[in-house]
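Here is a sequence together with a model predicted from it:
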Amino acid sequence: MIRLLKWLLGYIAFTFEGGFSDGFINECYQSKYNIQNIKRNGAVLTAECPAELYPYLRQVARKNGGRLRIDKKRGIIFILAKIKTRWGLFFGAVVGIIFISFISGFVWNIDITGNSVLSETQLRGFLNDNGFYEGAYWREVDRDVIENLLLASFDDIAWAHINRDGTSARVEINESVIRPKTVKRKKYCNVKAKKSGVIVKATVYDGWGKVKKGDAVNKGDLLISGIYSGEKKVNLFTHARGKYIAEVKEKFSLTVNRNQSYKRYISEERRQTLIFFNIQLPLYIGKTPKNAETESEERRIVLNGKKLPVGIRESTIRVYKNEVKTLSDRELTQLINSETEKKIKSDFAQYQIIKKKIKTELGGGSATAKGYVLCLEDIGQEVKIKVKKTKK
């Protein structure tokens, strides 16, 4: 603590020589001049004193026939004295301190821990929608409100807390353990076919099966019964459950016009934007044209494996013109075939396709694809049984 105080106030290490050293020391003590770390080597004497005391010690040294020589200067006052004539440097230091104080008030990065059921992308999107993102101003972030919103918006979250560590935020999530839902046996139901088809696999978990493998069924037919007539004409009820995989013929149709609009690109330009927290500074001049496509890619500064809210966004601007082209029969056939494959993959992505029969017809202004797709689907659907209570 004493050394720190000396450095803040400033001190000088000096040498006394060429005079009466004992007289110099005695007069310093009589005048209550605080000199320290006194060392003597013959007629030469070394010591230290506070910076503001040194001019007075020079007068004492002359009275005793000697002179003083400065060996070292230490302390913040000497550092400030060096830059007092360099106002640009001094101003830059002040601006730097203000700048560092300013940017330390922003959220630099957000770490999310404790989540396993909820994805980090889902949580970050929710936090961003509620004003808590990398680059947000800490004073504008109400952590208590956001914590309560997390609890209210996600049933999987049992506890949430946001900790601040300097410019970083750590969102701690504790997910609740959700028990699997059990089937309530009081809810009696049958299993009926929701589509027509041929059964290729029949699995009954609960209830009494009415249809077996190889049977053809229509929409609405009973597959598994939840009612069984027992002895003495007493009906037994249960929650029928099972899986019935059937070959289902799905109708398919698609029409494509011969006249196709497309984009003809005229020019391409690359632009850069400086990203500094939630501030975006364009490094270009001009506006984005109306008929233009923009592809952007951000490059953030990475520190210790974490992306900071500072970087460059590079955008590619492609200006285009809408034009119409009339396709030949060959081009139209290629287009209808490719669009048919895309639509089949999209519409029947959740099913296993075992066969497809599609016929294509070309017309003057369009092409049409019609046919069917044979899929394997689970056609079982639970239907509640309405039980009437009889009065005793």
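It's in.

Quick one: residues contacting residue 52.
By CB atoms under 8 Å, 6 or more residues apart in numbering, the contact list for residue 52 reads residue 10. Quick note: C-beta positions are derived from backbone N, CA and C, even for glycine.

no wait, residue 376
So residue 376 contacts 200, 245, 246, 247, 248, 351, 352, 354 (CB under 8 Å, 6+ apart).

Distance-wise, check residue 322 relative to residue 258.
Distance, residue 322 to residue 258, by CB to CB, to the nearest Å: 17 Å.

In terms of neighbours, single out the busier of the two.
Neighbour tally, residue 322 and residue 258, criterion other CB atoms under 10 Å: the higher count belongs to residue 258, 18 against 9.

now the helices for the stretch 1-150 of the chain?
Counting by DSSP state H, counting those that start in this stretch, the stretch 1-150 of the chain has helices at residues 2-9, 21-30, 54-63, 76-83, 87-103, 120-129, 143-153.

So for residue 275, which of the ones you listed sits nearest?
Among the helices of the stretch 1-150 of the chain, helix 87-103 comes nearest to residue 275, with 13.4 Å by CB to CB.

same question for the closest one, mean pLDDT?
What helix 87-103 shows for mean pLDDT is 67.

Of all residues in the protein, which one is nearest the centre?
Among the residues of the chain, residue 124 comes closest to the average C-alpha position under CA atoms, centre = their mean, at 4.5 Å.

Residue 110 is in contact with that one, correct?
Yes. Counting by CB atoms under 8 Å, residue 110 is a contact partner of residue 124 at 7.2 Å.

anything in contact with each of those two?
In contact with both residue 124 and residue 110: residue 133, using CB under 8 Å, 6+ apart.

Lowest mean pLDDT among the helices and strands of this protein, which one is it?
Every helix and strand in the chain was compared by mean pLDDT, DSSP states H and E; the lowest is helix 87-103, with a mean of 67.

in this protein, which helix has the most residues?
In the chain, with assignment by DSSP state H, the single longest helix is helix 329-347.

what's that helix in contact with?
So helix 329-347 is contacted by 252, 254, 256, 258, 260, 327, 353, 356, 358, 360, 362, 367-369, 373 (CB under 8 Å, 6+ apart).

try stretch 64-76
Residues from elsewhere that reach stretch 64-76, judged by CB under 8 Å, 6+ apart: 6-21, 23-24, 27, 46, 51, 54, 57-58, 61.

Can I get the buried ones among the residues you listed as something I can paste into ChimeraX?
This is the ChimeraX syntax for the buried subset of the contacts of stretch 64-76, where burial follows 16 or more other CB atoms under 10 Å:
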select :6,10,11,12,14,15,16,17,19,20,21,24,27,46,51,54,57,61
